[in-house]
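S.K.: How does the following fold in three dimensions:
(2 chains)
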Number of protein chains: 2
Amino acid sequence: MIFNLMTRVASPPLIDLSLLPWIPQHVLATAEEADSSLVLAGVLLSLVLIYAASKIGGELCARINLPPVLGELVGGVAIGVSALHLLVFPEGGSTATDSLLIQFLELTTNLSPESADAVFAAQSEVISVLSEIGVILLLFEIGLESELQELIRVGPQAAIVAVVGVVVPFVAGTAGLMFFFGVSAIPAIFAGAALTATSIGITAKVLAEIGQLSSREGQIIIGAAVLDDVLGIIVLAVVASLVKTGEIQITNIVYLVISAGVFLIGAIFLGRFLKPFYMTLVDKLKTRGQLLIVSLIFAFILSYIAAAIQLEAILGAFAAGLVLAETEKRKELEEQVIPVADILVPVFFVGVGARTDLSVLNPAIPSNREGLIIAAFLIVVAILGKVVTGFTVFGQPDLKKLAIGVGMIPRGEVGLVFAGVGAASGALSSATEAAIIMMVITTTFIAPPLLRVVFQEPQAVPEESSEV
Amino acid sequence: MIFNLMTRVASPPLIDLSLLPWIPQHVLATAEEADSSLVLAGVLLSLVLIYAASKIGGELCARINLPPVLGELVGGVAIGVSALHLLVFPEGGSTATDSLLIQFLELTTNLSPESADAVFAAQSEVISVLSEIGVILLLFEIGLESELQELIRVGPQAAIVAVVGVVVPFVAGTAGLMFFFGVSAIPAIFAGAALTATSIGITAKVLAEIGQLSSREGQIIIGAAVLDDVLGIIVLAVVASLVKTGEIQITNIVYLVISAGVFLIGAIFLGRFLKPFYMTLVDKLKTRGQLLIVSLIFAFILSYIAAAIQLEAILGAFAAGLVLAETEKRKELEEQVIPVADILVPVFFVGVGARTDLSVLNPAIPSNREGLIIAAFLIVVAILGKVVTGFTVFGQPDLKKLAIGVGMIPRGEVGLVFAGVGAASGALSSATEAAIIMMVITTTFIAPPLLRVVFQEPQAVPEESSEV
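M.R.: From the prediction side, this is the model:
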């Protein structure tokens, strides 16, 4: 659901085909179908491109101590509609002739220009669904790596940091956009919501790199980021459904908060109830892949239910991960999910980058300045809204409160999901979408160096002498 | 390319849409597009069904000492067009109203009957491509588990068993169909070719189960089965291309044998040449999934090249697997490929089962008897054609020659690929396709019990007393 809706917003069909009764429906479907060996060739080429872009971008970022996910995003921008035009999507208004990949297929295979449109449409559809399955697996893995027990243990401090870190950027972002920039309510709420969720992956990785993962500050950051992820996903579900139903009603919000809460808590309780059955089943099955397949059946069923009750499929995947994280199979399952996530998650991140039209941020064009100003505003709110959270920690005078706040700055996956879902549903203008992506990129870029500075602050002199 | 071609054979479009110039091409593409959250929901439900069918079928077969892959096939038949109609495909002539899965979606989501056709088409397209990627990963894994060195070591005996085991069933099957049954050349060649390749997976698994994997007979069987797989894939490439070009010409066969040979040998030499570069790259990269992603880039590029030069994509995947099997990363790579294969390969096997219309073999209908007689003939040729191979082993009087021949009987993946490719290209009638599938099912069913019998023959009495 993340991207394909764009078409209907960007280019509504000029002719409603239901008005053409003399063409039986199945004929249209048949005519649309492309030679599937060429579709397969197109999908294979797309995957090669996506993997190459994700690895080149990711490795370059890793080399300069930035999170690899940022590189995947930038790699996507490089091969996408903003630059090389290798991977473009019909939802962005591109046609087969805009796609260098399809042109390469025409050059190297027996693809004719007449059937290029059908191959382009089918290849884009498959890559879009793969990217959606990618984000489902990402959230499943994040759920699997989270711990309900840990959330309870790190306790009140983490909870306050998480809640303040969701409420302050959300309220400040939404209110600021509405009152200073005259943005209407729904896009303002969407942009505000995109400011809420800290990237647990990025934060945890950076903390590990600077050896602060097990410090008290580090533990609070991780606890808050985990909780933050849950809150962020609930906010996403609420906001996305608000946009679907088109209006803001308190009853609607209450329904959604309750249904998201009931769904998550229900899934967790159901999961605990089913846990012995799951363990017996996995232990009794003896064919290859039994653990992974049984777990994915569970995750996909919850994803389907979440989608069917108007929440997001990823919420179901996250709940499934949380539930299975509590079983003894967790470690083994994680090991098997990782390779699958490794090949599907980059399709999502590179896809987000490839669809991002950065030309809307070109400052040379006057009409773009609105987007740039919004981006600047969102970045300031994103940073300040998280930095303040550190100072809400009570009863711990010796903690580096600034470090906790800075640790919460990086936004990542969930922020990008907001941008994607928002644009797909038509709620966000492309300027606002690009501004959100700029915000994610910027917060992710600045957090790692800032974290180093604030953590080293008190011992800056002794550490300099020891040349660490 | 395996399945979607069927549409064009089974139901040519009634109206050529290029004759409707007043509808711009991109409008058709737009109208075809479905709400992608519903497509995603449909794909998730399909995967849940496929996984459940593969595990229920696989586990039941494992319980009665049959290969699980057989159960996946039967599970597919159970949910497919022959039985429950949960998973059906437009290529088989089904529409959205025939699909119980789409009806379930209409019941549980806001899918309207009007847009059901588009969702059905998109869901089928995605599942088809996933199944094709599944068979690519299967052949990549088989390549990775094969050993060029082993092939050379088991030497002349295995080679003779392999060659005889390819030539005899191919010639006997093709000639028999043409002369006794009046089948025309191309379908006869296809059916004959489907008799060639022993299932290395099934054979190795059964040998391991009866503790004969490391016996001299076991080693010859495995060596021959590996070689057999390579020969079978070359035969597949040659036959599939013959069908594509529509005629049998010696120059064409020579071109294809040479291009398949040059491609395989070229890929292996290129691979050896690139091996140091590959090792350095994998070692230097430090972001997650670097080994798997770099290897899949290599496999997908070779698959793309194989498809582009009119061979099969799976030949490229197999070559990539063989090449990477020679690196020191093999073990680690295999461990990462297995979970990915585990979630994609069942989509292929269950899909093959789901598309198989077993009603063409119903003996109550007189017109079906041809298919049944063909199936009986193919089964006899398949068994005898492999059993004779054991007696070609020379200079080893104490070997159980019958056991070697029986060990070569099970056909599996490659035989099913022949059935799929043959039907997709329009070369095979549905009766012949069903006959091939019956042959695969039967040989796979009878080989495990037969193998037990022939291996235990000489020591039957002492083993009975020790109650093994």
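S.K.: tell me which element the residue nearest to residue A:98 when sequence neighbours are not counted falls in.
M.R.: Once flanking residues are discounted, residue A:98 sits nearest to residue A:88: 5.5 Å by Cβ to Cβ, 6 or more residues apart in numbering or on different chains. C-beta: built from backbone N, CA, C; applies to glycine. Per DSSP states H and E: residue A:88 is located in neither a helix nor a strand.
S.K.: I'd say residue A:88 and residue A:357 touch.
M.R.: No: counting by Cβ atoms under 8 Å, residue A:357 is not a contact partner of residue A:88; they are 10.0 Å apart.
S.K.: Neighbour count for the two, which is higher?
M.R.: Neighbour totals were compared for residue A:88 and residue A:357, and residue A:88 leads with 25 against 18 (other Cβ atoms under 10 Å in any protein chain shown).
S.K.: what about that one, distance to chain B?
M.R.: 14 Å (Cβ to the nearest Cβ, to the nearest Å).
S.K.: And that residue, how far from residue A:356?
M.R.: 11 Å (Cβ to Cβ, to the nearest Å).
S.K.: Can you work out which residues contact both of those two?
M.R.: Common contact partners of residue A:88 and residue A:356 (Cβ atoms under 8 Å, 6 or more residues apart in numbering or on different chains): A:80, A:81.
S.K.: who touches both of residue A:88 and residue A:357?
M.R.: residue A:81.
S.K.: before we move on, which element is the closest residue to residue A:168 other than its chain neighbours in?
M.R.: Once flanking residues are discounted, residue A:168 sits nearest to residue A:385: 4.4 Å by Cβ to Cβ, 6+ apart. Element membership for residue A:385 (DSSP H and E) is helix A:369-387.
S.K.: so residue A:144 touches residue A:318, yeah?
M.R.: No: the pair residue A:144 / residue A:318 is not scored as a contact, 9.3 Å apart, by Cβ under 8 Å.
S.K.: what's near enough to touch the closest residue to residue A:371 other than its chain neighbours?
M.R.: In space, and not counting its chain neighbours, residue A:371 is closest to residue A:431: 3.3 Å by Cβ to Cβ, 6+ apart. By Cβ under 8 Å, 6+ apart, the contact list for residue A:431 reads A:360, A:361, A:368, A:370, A:371, A:374.
S.K.: ok, and the most crowded of those residues?
M.R.: residue A:374 (25 neighbours).
S.K.: what's the neighbour count on residue A:419?
M.R.: Neighbours of residue A:419 using other Cβ under 10 Å come to 27.
S.K.: repeat for the one 4 residues further on
M.R.: Using other Cβ under 10 Å as the criterion, residue A:423 is surrounded by 29 other residues.
S.K.: right, and it touches residue A:434 too?
M.R.: No: with contact defined as Cβ under 8 Å, residue A:423 does not count as touching residue A:434 (9.3 Å).
S.K.: Secondary structure of residue A:280: a helix, I assume?
M.R.: Yes: applying DSSP: H, G, I helix; E, B strand; the rest coil, one finds residue A:280 inside a helix.
S.K.: from the chain's centre, how far out does the host helix or strand of the residue nearest to residue A:371 sit?
M.R.: Using DSSP H and E, residue A:431 falls within helix A:430-456. The chain centre lies 15 Å from the centre of helix A:430-456; the measure is Cα atoms, centre = their mean, to the nearest Å.
S.K.: same deal with stretch A:429-449?
M.R.: 13 Å.
S.K.: For that stretch, list every residue counted as buried.
M.R.: A:429-444, A:447-448 (16 or more other Cβ atoms under 10 Å in any protein chain shown).
S.K.: still on that earlier bit, which strands and helices sit next to the helix holding residue A:385?
M.R.: helix A:148-181, helix A:185-194, helix A:401-407, helix A:430-456 (3 or more Cβ pairs under 8 Å, 6 or more residues apart in numbering or on different chains; DSSP states H and E).
S.K.: Spell out which parts of the stretch 151-300 of chain A neighbour chain B.
M.R.: Counting by Cβ under 8 Å from any Cβ of the partner chain, the residues of the stretch 151-300 of chain A close to chain B are A:285, A:286, A:287, A:288, A:289, A:290, A:292, A:293, A:294, A:296, A:297, A:300.
S.K.: Filter these down to the buried ones.
M.R.: A:285, A:287, A:288, A:289, A:290, A:292, A:293, A:294, A:296, A:297, A:300.
S.K.: could you dump those residues to a markdown table with secondary structure and pLDDT?
M.R.: As requested, these are exported to a markdown table (DSSP: H, G, I helix; E, B strand; the rest coil; pLDDT from 0 to 100):
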| residue | secondary structure | pLDDT |
| --- | --- | --- |
| A:285 | coil | 91 |
| A:287 | coil | 85 |
| A:288 | coil | 85 |
| A:289 | coil | 89 |
| A:290 | helix | 91 |
| A:292 | helix | 96 |
| A:293 | helix | 96 |
| A:294 | helix | 95 |
| A:296 | helix | 97 |
| A:297 | helix | 96 |
| A:300 | helix | 97 |
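S.K.: and of the residues you listed, the nearest to chain B?
M.R.: Distance to chain B, by Cβ to the nearest Cβ, is smallest for residue A:289 among those, at 3.0 Å.
S.K.: That closest one contacts residue B:343, correct?
M.R.: Yes: between residue A:289 and residue B:343 there is a contact at 7.0 Å, judged by Cβ under 8 Å.
S.K.: and residue A:129, how many neighbours?
M.R.: Neighbours of residue A:129 (other Cβ under 10 Å): 27.
S.K.: shouldn't it be in contact with residue B:42?
M.R.: No: the pair residue A:129 and residue B:42 does not pass the contact test of Cβ under 8 Å, sitting 9.5 Å apart.
S.K.: Between these two, which contacts overlap?
M.R.: residue B:122.
S.K.: Now residue A:137. Nearest residue, chain neighbours left out?
M.R.: residue A:341 (4.7 Å).
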